[in-house]
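*Asks:* fold the stuff below for me.
(one chain, ligands or ions: 1)
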Amino acid sequence: MQASNDHILVFDSGVGGLSIIGHLRQQLPQASICYLADNAMHPYGLLDESVLINRVLEVVAKAIAQQQPDIVVIACNSASTLVLPHLRAQFSMPIVGVVPAIKPAALHSESKVIGLLATPGTIARDYTDELINDFAIDCDVIRLGTNKLVQLVEQKLAGEKIALAAYQQVLEPFAQHPLWPQADTVVLACTHFPLVKNELATALPHIKYWIDSGEAIARRVLQLRQTAATEASTQKSQTSATPAGDIALLTENGSVPDNLRQTFKNYGFEQINGL
Ligand code: DGL
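*Replies:* Residues are numbered from 1 along each chain as shown. As a prediction, this is how the structure comes out:
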């Protein structure tokens, strides 16, 4: 059972979290979604950890107060690998994070050589080390931290044409690792990257499995909402709130270029407001 008035807050530094939206709409077609982008402080992958924690707490708190969501998705690996415990200590609704999909990648990989593509922040986190130690100890994990690829995705979704050579250049450092020719799997550990999966696959044709967390996150959100709906119906306490509409909120809402506005529209966000 899914409550028809589910309202989901999805948060990222920029357009990356849009890679989760399609999965959420598939799993929870009746839910309304507020997409919050902290474009004023983007990119997150280069921020100091304490600055990032304080910033995420500030903007997410403001959006929660405004939107009253049933559930929050931190659709950002750079933030989730750091701030989830802080957010969960502060808010009572479920907070779902997106963290590098190292476990499924290790299960998929036949050669046991995996590329990990993330922001510089995520690449360096203790959380990422722990995931590798816990779930991929039998694998060689080749790490590549890049902010440039985040920028290329932002540019592409704002309507710019990006040449394949630009993606190839970003991915070049992988090839410096002696085991790279054996890699068969790449983890897309930044929510921006699934938005250019086709380009990445063209640039790296020997990679067989491209793994991201989008579908798993949407399944987790559905599961949590189903549990909440079942509990509410048993307690006969379900409210019949009017469903909130889909909306995108930007922390810097000065002038949204037409192409970016169109991108948000393509994901179902006709309305864009400032936070
Ligand atoms: N989309 C984000 C992530 O998953 C962050 C990109 C950035 O702002 O650096 O890590």
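*Asks:* give me the low-pLDDT residue ranges for the stretch 1-150 of the chain?
*Replies:* Applying pLDDT under 70 to the stretch 1-150 of the chain flags residues 1-4.
*Asks:* so Trp180 sits against Glu172, correct?
*Replies:* No: look at Trp180 against Glu172 with CB atoms under 8 Å: they stay out of range, at 10.5 Å. Every residue, glycine included, has its C-beta placed from N, CA and C.
*Asks:* tally of neighbours for Thr251?
*Replies:* 19 (other CB atoms under 10 Å).
*Asks:* which one's more surrounded, Trp180 and Glu172?
*Replies:* Neighbours were counted for Trp180 and for Glu172 using other CB under 10 Å; Trp180 has more, 16 against 10.
*Asks:* how confident was the prediction at that one?
*Replies:* You'll see Trp180 listed with a pLDDT of 98.
*Asks:* for it, list the residues it contacts.
*Replies:* Val113, Gly115, Ile142, Phe174 (CB atoms under 8 Å, 6 or more residues apart in numbering).
*Asks:* what's the distance between the second one and Tyr127?
*Replies:* Right, Gly115. According to CB to CB, to the nearest Å, Gly115 stands 18 Å off from Tyr127.
*Asks:* more crowded one of those two?
*Replies:* Ranked by neighbour count (other CB under 10 Å), Gly115 and Tyr127 place Gly115 first, with 26 against 16.
*Asks:* ok, which stretches of this protein are strands?
*Replies:* All strands of the chain, identified by DSSP state E, fall at 7-12, 32-37, 71-74, 95-97, 113-118, 140-145, 185-188, 209-211, 247-250, 272-274.
*Asks:* distance check, Pro94 against Gly16.
*Replies:* 21 Å.
*Asks:* just Pro43 next, same as before
*Replies:* In this view, Pro43 and Gly16 are 10 Å apart by CB to CB.
*Asks:* more neighbours: which of those two?
*Replies:* The residue with more neighbours, out of Pro43 and Gly16, is Gly16; 28 against 21, by other CB under 10 Å.
*Asks:* can I get the strands of the chain in a markdown table including distance to Ile217?
*Replies:* Shown next, in a markdown table, are the strands of the chain (distance: least, CB to CB, whole Å):
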| stretch | distance to Ile217 |
| --- | --- |
| strand 7-12 | 10 |
| strand 32-37 | 13 |
| strand 71-74 | 6 |
| strand 95-97 | 6 |
| strand 113-118 | 16 |
| strand 140-145 | 21 |
| strand 185-188 | 13 |
| strand 209-211 | 13 |
| strand 247-250 | 19 |
| strand 272-274 | 23 |
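*Asks:* dump those into CSV; add distance to the ligand as well.
*Replies:* Formatted as CSV, the strands of the chain follow (distance: least, CB to the nearest ligand atom, whole Å):
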stretch, distance to the ligand
strand 7-12, 5
strand 32-37, 10
strand 71-74, 9
strand 95-97, 10
strand 113-118, 7
strand 140-145, 10
strand 185-188, 9
strand 209-211, 14
strand 247-250, 14
strand 272-274, 18
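*Asks:* right, so those strands: which one is the most enclosed?
*Replies:* Most buried of the strands of the chain by mean neighbour count (mean count of other CB atoms under 10 Å) is strand 185-188; its value is a mean of 27.
*Asks:* how far is that strand from where the chain is centred?
*Replies:* Distance, stretch centre to chain centre, for strand 185-188: 14 Å (CA atoms, centre = their mean, to the nearest Å).
*Asks:* equivalent analysis for stretch 148-156, please.
*Replies:* Here stretch 148-156 is found 14 Å from its chain centre; the criterion is CA atoms, centre = their mean.
*Asks:* and stretch 157-175, end to end?
*Replies:* 27 Å (CA to CA, to the nearest Å).
*Asks:* where does pLDDT dip in the stretch 151-275 of the chain?
*Replies:* Applying pLDDT under 70 to the stretch 151-275 of the chain flags residues 234-243.
*Asks:* would you mind listing what in it touches the ligand?
*Replies:* Within the stretch 151-275 of the chain, the positions lying close to the ligand (CB under 6 Å from any ligand atom) are Cys190, Thr191, His192.
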